[in-house]
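Based on what follows, work out the 3D shape:
(one chain, ligands or ions: 3)
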Amino acid sequence: MILRAAIFGSAIAALARTAKAAQPSAAEPVAAPMRDLRWGNLNFLHTTDTHGWHGGHLQESQFSADWGDYVSFAEHMRQTADAQGVDLLLVDTGDRVEGNGLYDASSPKGEYYYDIYREQQVDIICTGNHELYQASTADQEHLQTVPNFKSNYIASNLDYIDPESGNRIPMSQRYRKFQTRNQKLDIVAFGFLFDFTGNANNTVVQPVKETIREQWFQGAIREQTDLFVVIGHVGIQMRVFKDIFAAIRQQNPLTPILFFGGHVHIRDATAYDSNSFAIASGRYFETIGWMSVTGDLKRAANTPFSTDTGALSFQRRYIDNNLYGLYYHTGLNLSTFPTEHGRNVTAMIVKARKELDLDYSFGCAPKDYWMSRTPYPHEDSIYTWLEKEVLPAVAVRDNRKDIPRLVIMNTGAIRFDIFKGSFTRDSTHIVSPFLSVLNYIPDVPYRVARNVIRMINNAGPIASSLYDMDPRFMGPPEQFEIHEPIIYTKDNNNNDNGRNDREDEYGSQPAQKPLGGKERQQSEKKPTLVQGYTTRDDIGTDGDDAVHAPIDFYTVPNCIQAEVGFAPESPPETVDLLFFDFIQPWVLLALKYSGGSYTNEDVELYVDDTFTELMASWIEENWAEHCKA
Ligand SMILES: *[C@@H]1O[C@H](CO)[C@@H](O)[C@H](O)[C@H]1NC(C)=O
Ligand SMILES: *[C@@H]1O[C@H](CO)[C@@H](O)[C@H](O)[C@H]1NC(C)=O
Ligand SMILES: *[C@@H]1O[C@H](CO)[C@@H](O)[C@H](O)[C@H]1NC(C)=O
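Ligands and ions are numbered 1, 2, ... in the order given. Next comes the predicted model:
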């Protein structure tokens with residue numbers, strides 16, 4: 001069913017006036033040629049890896065709508081679904097916390113976030129790794145978000161350890177069986193987390209390979225159902241989803257299986273076979289993912305793939321989260337779009353931002369600094385700025401300030417670009433959300449210490465280490481692409497029925513890079529296009545709802561290094577080797593391979609402040625002057 005033609009609208013002409021963004025200081029959205037949403041019988045809106053950005057992106061017009069606007073949007077979309085007799089479900093796949101002042105700036109963290117987030121009616125929701133790094137975050141997840149979403153919250157492979165009793169209990173129910181509102185479609189839904197091992201000790205993540213052998217799972221995949229929905233904090237190209245797919249498919253040769261993933265922060269879609277479909281919907285509340293399935297879902301499970309009559313079609317769209325687009329997709333405008341509930345949520349966010357003083361300014365950036373839009377090194381690279389200006393100035397310890405040093409920072413410690421203009425309290429949490437500190441080993445022979453950065457960045461011997469020690473964990477998640485094959489057990493080879501045709505057609509393309517790529521052509525004829533996502537996924541190049549000019553994407557090394565207190569041409573005998581605490585295991589391993597035998601016992605804290613605090617004080621001292629202009 002197509003409620004709108006799936007062609008470009010002449011939406012630019014329709015932009016009679018600019019849309020007013022929801023948070024008062026947010027940038028106004030800019031018009032772009034639009035691709036319509038194609039409605040089907042079953043439709044989904046998907047968020048993932050929102051990382052506290054529920055107030056929207058105040059400095060980026062194309063992502064400037066807030067959680068209140070999403071509440072309004074979902075309300076209108078549900079009405080449309082009801083009016084058409086089709087169904088709409090909302091999905092969220094975790095990492096809702098850490099990465100924005102709206103979550104991180106309060107003490108304890110999340111003082112406002114839980115109440116804001118719960119205002120959206122999310123139908124299927126699960127946990128990400130960021131909900132689990134700190135024991136206190138996992139506690140709050142269990143005490144607040146799980147009850148807030150009651151029967152909608154699924155934890156297929158996650159347990160929680162009750163602090164009172166010490167008992168290990170499921171974080172929430174293992175799976176959910178329910179019926180859609182309008183068509184009464186039976187759905188069996190699961191909620192997974194990848195095989196994460198960095199969690200605090202009050203949760204237990206069960207490896208997915210074990211979960212799918214559990215009796216409850218084997219029972220669930222034998223339930224009578226019209227379709228399976230697997231949501232997970234899992235990259236859709238990762239083995240984990242493919243193992244789950246193979247296990248369900250083994251019991252259900254024809255039943256549609258829909259996957260909603262995340263974690264790798266990219267827009268992506270694929271099909272594991274012709275009756276399955278998978279989508280990943282980006283990061284930081286930049287994207288609202290749209291998936292729709294058209295066809296007779298009640299019959300699909302019993303219809304052979306080879307006949308046209310039962311064939312389903314799957315669509316995906318990556319909606320840029322701004323009011324211009326949300327108005328466009330609902331056919332509404334400034335006066336008709338915001339619902340009372342949506343306005344209330346926007347007001348809650350305004351109040352929280354105010355009470356957290358997120359607009360407090362430490363100084364003003366003299367220009368934009370990019371993570372991946374420029375190469376490294378480069379004068380506009382955020383990493384060059386850190387290496388040349390910030391690290392040498394902040395990595396100073398009173399009683400060792402005259403000792404030459406190497407300072408190694410993992411590039412993944414930085415999570416966002418810096419835009420020209422005010423650098424606020426919010427910016428500190430956005431750019432550097434982690435509580436990283438600088439550790440050091442004193443007096444390391446320079447000939448040993450100098451090898452560490454090369455070894456960490458070029459992998460070499462340390463690349464062959466265990467999965468937990470994958471050097472890619474040190475870099476930005478956007479660079480962490482994984483393509484793993486589906487492995488069928490021999491039992492399900494006999495269900496083949498030609499359903500791999502589609503795989504051959506789509507399966508061989510690489511996943512898209514997060515923000516367009518150097519090699520990508522500007523497609524479609526253009527008015528002046530604003531830069532933005534130009535996604536290429538396994539389905540094609542028409543996924544983004546707004547047509548944008550591509551943005552350059554350059555990969556960066558796992559780590560950068562600042563050399564402080566000596567000239568490269570006259571290297572010292574020994575140096576203090578400083579590094580972010582997060583990368584300590586890799587540094588120790590690299591030292592070992594360079595002939596230096598050090599253990600955790602040799603490591604000390606270099607300065608008390610977190611890196612985020614050090615960076616904020618550097619900005620206060622050095623960038624205040626730029627605000628006067
Ligand atoms: C978890 O770690 C904390 C802090 O290291 C410790 O106090 C506590 O006893 C540990 N709990 C369990 C169940 O191991
Ligand atoms: C919004 O649309 C309504 C109904 O079509 C119209 O009456 C109203 O003038 C529009 N408002 C704005 C601000 O464009
Ligand atoms: C919005 O907030 C007002 C004032 O607090 C309240 O009376 C009303 O019930 C709220 N409406 C919705 C739909 O949440």
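
List the buried residues in the strand or helix carrying residue 440.
Per DSSP states H and E: residue 440 is located in strand 438-445. Of the residues in strand 438-445, 438, 439, 440, 441, 442, 444 count as buried by neighbour count, 16 or more other CB atoms under 10 Å. Glycine gets a C-beta too; all of them are placed from N, C-alpha and C.

closest to ligand 2 among those?
residue 438 (52.4 Å; CB to the nearest ligand atom).

Show me what that closest one bridges to in the sheet.
Going by DSSP bridges, residue 438 is paired in beta bridges with residue 580.

isn't residue 144 right up against residue 114?
Yes - contact criterion CB atoms under 8 Å: residue 144 and residue 114 qualify, at 4.4 Å.

Low-confidence bits of the chain, can you list those?
Scanning the chain with the threshold set as pLDDT under 70 gives 1-21, 301-310, 459-468, 481-527, 629.

near ligand 3, which residues of it?
Selection of the chain residues close to ligand 3 by CB under 6 Å from any ligand atom yields 340, 341, 344.

Buried members of these into PyMOL, please.
Listed next is the PyMOL selection for buried residues among those, using 16+ other CB under 10 Å:
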select buried, resi 341
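
mind putting the residues of the chain next to ligand 3 in CSV, secondary structure and distance to ligand 2 included?
As requested, the residues of the chain next to ligand 3 are exported to CSV (DSSP: H, G, I helix; E, B strand; the rest coil; distance: CB to the nearest ligand atom, whole Å):
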residue, secondary structure, distance to ligand 2
340, helix, 17
341, helix, 19
344, helix, 21
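
What's the separation between residue 273 and ligand 2?
For residue 273, the distance to ligand 2 (CB to the nearest ligand atom, to the nearest Å) stands at 44 Å.

Make TSV from the buried residues of strand 438-445 and add distance to residue 194 to it.
Shown next, in TSV, are the buried residues of strand 438-445 (distance: CB to CB, whole Å):
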residue	distance to residue 194
438	29
439	28
440	32
441	32
442	38
444	35
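
which residues sit in contact with residue 161?
Shown in contact with residue 161 (CB atoms under 8 Å, 6 or more residues apart in numbering): 167, 168, 169, 201, 202, 203, 204.

Check the gap between the fifth one and residue 131 for me.
Separation of residue 202 from residue 131 (CB to CB, to the nearest Å) stands at 11 Å.

Any chance you could list residues touching both of the two?
residue 138.

Would you mind telling me which of those two has the busier surroundings?
Per other CB atoms under 10 Å, whichever of residue 202 and residue 131 has more neighbours is residue 131, with 25 against 20.

My understanding was that the more buried one contacts residue 94; is that so?
Yes - contact criterion CB under 8 Å: residue 131 and residue 94 qualify, at 6.3 Å.

Narrow the contacts of residue 161 to those in strands?
168, 169, 203, 204 (DSSP state E).

Specify the beta-bridge partners of the last one.
This means residue 204. According to DSSP bridges, beta-bridge pairing links residue 204 with residue 159.

Number of residues surrounding it?
Residue 204, neighbours per other CB under 10 Å, totals 15.

so who does the residue of the chain at minimum distance from ligand 2 touch?
Closest to ligand 2 within the chain is residue 333: 3.7 Å, counting by CB to the nearest ligand atom. With contacts defined as CB under 8 Å, 6+ apart, residue 333 is in contact with residue 327.

Same question for residue 174.
Neighbours of residue 174 in contact, by CB under 8 Å, 6+ apart: 154, 155, 156, 190, 216, 217, 220.

Out of those residues, which end up buried?
If we count by 16+ other CB under 10 Å, the contacts of residue 174 have these buried: 154, 155, 156, 190, 217, 220.

and the third one, that one's in a strand?
It refers to residue 156. No - checked against DSSP: H, G, I helix; E, B strand; the rest coil, residue 156 lies outside a strand; its state is coil.

Which helix or which strand is home to the residue lying closest to it once chain neighbours are set aside?
Spatial nearest neighbour of residue 156, chain neighbours left out: residue 190 (4.6 Å); criterion: CB to CB, 6 or more residues apart in numbering. In the assignment (DSSP H and E), residue 190 maps to strand 186-193.

Next: residue 102.
helix 101-104.

hmm, back to that, ok, now which ones touch the residue nearest to residue 156?
154, 156, 174, 175, 217, 220, 228, 229, 230, 231, 232, 244.

Show me which residues of this structure are close to ligand 2?
Checking the chain against ligand 2 by CB under 6 Å from any ligand atom, the hits are 333, 334, 335, 336.

next one: stretch 564-576 to chain centre, how far?
39 Å (CA atoms, centre = their mean, to the nearest Å).

Residue 341 contacts residue 71, correct?
Yes - contact criterion CB under 8 Å: residue 341 and residue 71 qualify, at 5.5 Å.

Return the distance of the residue nearest to residue 156 relative to ligand 3.
31 Å.

And residue 45, by the same measure?
From residue 45 to ligand 3 the distance is 19 Å (CB to the nearest ligand atom).

now residue 627
With CB to the nearest ligand atom as the criterion, residue 627 and ligand 3 are 36 Å apart.

And residue 371, by the same measure?
Taking CB to the nearest ligand atom, one finds residue 371 at 38 Å from ligand 3.

Determine the number of other residues adjacent to that residue.
23.

Tell me which residues touch it, please.
381, 382, 383, 411, 414, 416, 417, 476, 556.

who touches residue 181 in this structure?
Counting by CB under 8 Å, 6+ apart, residue 181 has contacts 82, 87.

quick one: secondary structure of residue 318?
Per three-state DSSP, residue 318 ends up strand.

Bridge partners for it, pull those for me.
Per DSSP bridges, the residues bridged to residue 318 are residue 289, residue 544.

Nearest to ligand 3 within the stretch 451-600 of the chain, name that residue for me.
residue 545 (27.3 Å).

Chain neighbours aside, what residue packs nearest to that residue?
residue 319 (4.7 Å).

what does residue 63 give?
residue 57 (3.9 Å).

Just to be sure, the one you found is in a helix?
No - counting by three-state DSSP, one finds residue 57 to be coil, located in no helix.

OK, contacts around it?
Neighbours of residue 57 in contact, by CB under 8 Å, 6+ apart: 26, 27, 63, 64, 284, 285, 286.

between those residues, which is closest to residue 552?
Taking CB to CB as the measure, residue 552 lies nearest residue 286 of the contacts of residue 57, at 17.4 Å.

Now for the closest one, how many residues are close by?
Residue 286, neighbours per other CB under 10 Å, totals 26.

where along the stretch 201-350 of the chain do the strands fall?
203-205, 227-233, 257-261, 267-270, 276-281, 287-294, 313-320 (DSSP state E, counting those that start in this stretch).

quick one, which of those is packed in tightest?
Among these, ranked by average contacts under mean count of other CB atoms under 10 Å, first place goes to strand 276-281 (a mean of 29).

ranges for the helices of the stretch 101-250 of the chain?
Taking DSSP state H, counting those that start in this stretch to define them, one finds helices in the stretch 101-250 of the chain at 101-104, 113-117, 135-140, 146-149, 208-211, 215-220, 239-251.

Residue 182 is nearest to which of these?
Nearest to residue 182, of the helices of the stretch 101-250 of the chain and by CB to CB, is helix 146-149 at 21.3 Å.

residues making contact with that closest one?
Residues contacting helix 146-149 (CB under 8 Å, 6+ apart): 114, 117, 118, 122, 125, 153, 171, 172.

one more time with 6 Å, if that's ok
Residues from elsewhere that reach helix 146-149 (CB atoms under 6 Å, 6 or more residues apart in numbering): 118, 125, 153, 172.

And the next helix or strand past the longest helix along the chain?
In the chain, with assignment by DSSP state H, the single longest helix is helix 67-84. Per DSSP H and E, helix 67-84 leads on to strand 87-92 as the next helix or strand towards the C-terminus.
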